[in-house]
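Novice: give me the fold of what follows.
(one chain, ligands or ions: 1)
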Amino acid sequence: MKIEGFELRRVAMPLASPFRTSFGTQTDRDILLVKAVTDAAEGWGECVTLPNPVYSPEYTEGAVDVLKRFFIPALGAAGIGDANAVAEVLKPFKGHRMAKAALETAVLDAELRGEGRSFARELGSVRDTVPCGVSVGIMDSVPKLLEAVGGYLDEGYVRIKLKIEPGWDVDVVRAVRERFGDDVLLQVDANTAYTLRDAPHLAKLDAFDLLLIEQPLEEEDVLGHADLAKIVKTPICLDESITSAQTAAAAIRLGATSIINIKPGRVGGYLEARRIHDLASAHGIPVWCGGMVESGLGRAANIALASLPGFTLPGDVSASGRFYATDITKPFVMHDGHLTVPSGPGLGVTPVPHILDELTTAVEWVPI
Ligand SMILES: O=C(O)CCC(=O)N[C@@H](C(=O)O)c1ccccc1
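Specialist: The predicted structure follows:
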């Protein structure tokens, strides 16, 4: 496959409702799409950076810059023609894993579309559908949260994830349990909002039979998570801390994590995500697919990843309608709490041209 260049496109996607986490509230998603133009096919990658470096050190303008000035020229200089070589060529560049992931995914999608192979087949899919979990943001009041949770359960979501932060945690979980009972699969995500001093408070969550507590402490505090795991009975699940198979191996060895949220953008791409899946499975560590409020393009790739055998917990793999009234692809619609794994070539979905044009705010061609 010969790569001719990449199109960097910004797409402004209004959210169906505000989404609040411990690091802020999003009302829209400014998405950077990377399109690989090759002699075989065109391929898409979605960069999951936020506009500001609050989830991880990356941010969208930085991703655009590093792609244009360093990553795409490096692929050109190396004469890259397949996705397996991308990570190796980009290895000398530190970090910027979300930008690397978007570039690798675009090349992989083009390659697979050219070969008529699906993303799911390439990654090692064993399922035709995946169960849908949903992430529920921090709300203005408990009644409003209970209304939102009830709505998602009525829609058929099989797992509820509650965002928590100091002042919005134990009482909120208790209210959900009291209203919806003990059978609902329930977990919480702190997005690094606590410290080890909060361990006794976080241990109060043990009363509610949660699936896991996600990333309670800051990204770098792997040892703190290992200490916390000795105090809190609820399984600790890492998100921000797991940036590669190597950091996953360290966190598992140190007892800092007993479940891993795999987000392909955070770890540098779907090929590294598969390596983490394989490593975790070898250690008996369940994994699930995290979400970054992706459009249908990133969502398609996540659904494919979530169909691998070690993804035994429902992921943040929700229907398009959870976040977007209008998606740039054919929307993913949940049936009986599940989404169908795309089976077409590559991602199996492509942007709907007139919708993509309407939502595009900038396009830039970067020849290789
Ligand atoms: O379902 C989704 O796509 C969102 C899941 C979710 O809560 N993502 C959170 C997270 O902290 O994991 C997030 C969203 C946007 C940006 C960063 C993080």
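
Novice: point to the residue nearest the middle of the protein.
Specialist: residue 291 (3.0 Å; Cα atoms, centre = their mean).

Novice: verify the assumption that residue 68 is located in a helix.
Specialist: Yes - judged by DSSP: H, G, I helix; E, B strand; the rest coil, residue 68 forms part of a helix.

Novice: hmm, residue 5 and it touching each other?
Specialist: No - judged on Cβ atoms under 8 Å, residue 68 makes no contact with residue 5 at a distance of 11.1 Å. Where C-beta positions appear, they are placed from N, C-alpha and C, glycine not excepted.

Novice: sorry, back to before: could you pull up the contacting residues of the residue nearest to the centre of the chain?
Specialist: Listed by Cβ atoms under 8 Å, 6 or more residues apart in numbering, the contact set of residue 291 reads 135, 263, 299, 302, 315-318.

Novice: which helix or which strand is home to it?
Specialist: Assigned by DSSP states H and E, residue 291 belongs to neither a helix nor a strand.

Novice: in terms of helices and strands, where is residue 16?
Specialist: strand 3-21.

Novice: and that strand, what's buried?
Specialist: 3, 6-11, 13, 15, 19-21 (16 or more other Cβ atoms under 10 Å).

Novice: and stretch 324-333, by the same measure?
Specialist: 324, 327-332.

Novice: nearest to residue 258, of those residues?
Specialist: Set against residue 258, the nearest of the buried residues of stretch 324-333 by Cβ to Cβ is residue 332 (29.5 Å).

Novice: not counting sequence-adjacent ones, nearest residue to that closest one?
Specialist: residue 320 (4.7 Å; Cβ to Cβ, 6 or more residues apart in numbering).

Novice: tell me the contacts of the one you found?
Specialist: Residue 320 touches 296, 299, 327, 329, 331-333, counting by Cβ under 8 Å, 6+ apart.

Novice: mind putting the residues you listed in a markdown table, pLDDT and secondary structure included?
Specialist: Below are the contacts of residue 320 laid out as a markdown table (pLDDT from 0 to 100; DSSP: H, G, I helix; E, B strand; the rest coil):
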| residue | pLDDT | secondary structure |
| --- | --- | --- |
| 296 | 98 | helix |
| 299 | 98 | helix |
| 327 | 98 | coil |
| 329 | 98 | coil |
| 331 | 98 | coil |
| 332 | 98 | coil |
| 333 | 98 | coil |
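
Novice: what ranges do the helices span in this structure?
Specialist: 60-66, 72-78, 86-90, 97-115, 119-123, 142-155, 170-180, 199-202, 222-229, 245-253, 264-267, 270-282, 296-305, 353-359 (DSSP state H).

Novice: so what's the gap between the third one and the chain middle?
Specialist: Helix 86-90 sits 21 Å away from the centroid of its parent chain (Cα atoms, centre = their mean, to the nearest Å).

Novice: count of neighbours near the closest residue to residue 315 other than its chain neighbours?
Specialist: Using Cβ to Cβ, 6+ apart and skipping residues adjacent in sequence, the residue nearest residue 315 is residue 289, 3.5 Å away. Residue crowding around residue 289 was assessed by other Cβ atoms under 10 Å; the count is 26.

Novice: now swap in residue 128 and tell me
Specialist: Residue 128: 11 neighbours (other Cβ under 10 Å).

Novice: could you find the closest non-adjacent residue to it?
Specialist: The nearest residue in space to residue 128 (Cβ to Cβ, 6+ apart) is residue 341, at 5.6 Å.

Novice: now residue 110
Specialist: Per Cβ to Cβ, 6+ apart, closest to residue 110 is residue 43, 2.9 Å.

Novice: before we move on, the earlier item: from the contacts of residue 320, which single one is nearest the ligand?
Specialist: The ligand lies nearest to residue 299 out of the contacts of residue 320, by Cβ to the nearest ligand atom, at 7.8 Å.

Novice: what's the residue nearest to that closest one when sequence neighbours are not counted in contact with, if anything?
Specialist: Closest residue to residue 299 apart from its sequence neighbours, by Cβ to Cβ, 6+ apart: residue 332 at 5.7 Å. Residues near residue 332 by Cβ under 8 Å, 6+ apart: 296, 299-300, 303, 319-320, 339.

Novice: cutoff 10 Å now
Specialist: Contact partners of residue 332, counting by Cβ atoms under 10 Å, 6 or more residues apart in numbering, are 132, 296, 299-300, 302-303, 317-322, 324, 339-340, 342, 349.

Novice: keep only those of these that are in strands.
Specialist: Assigned to strands by DSSP state E, the following of the contacts of residue 332 qualify: 339-340.

Novice: ok, and which of the contacts of residue 332 reach the ligand?
Specialist: Within the set of the contacts of residue 332, contact with the ligand (Cβ under 6 Å from any ligand atom) is found for residue 318.

Novice: count the residues that sit near the closest residue to the ligand within the stretch 1-150 of the chain.
Specialist: For the stretch 1-150 of the chain and the ligand, the shortest gap (Cβ to the nearest ligand atom) falls at residue 135, measuring 3.3 Å. Other residues within reach of residue 135, judged by other Cβ under 10 Å, total 24.

Novice: likewise for residue 284?
Specialist: 9.

Novice: from residue 149, how far off is the closest residue to the ligand within the stretch 151-300 of the chain?
Specialist: Across the stretch 151-300 of the chain, no residue is closer to the ligand than residue 291, which sits at 2.3 Å (Cβ to the nearest ligand atom). As judged by Cβ to Cβ, to the nearest Å, residue 291 and residue 149 stand 17 Å apart.
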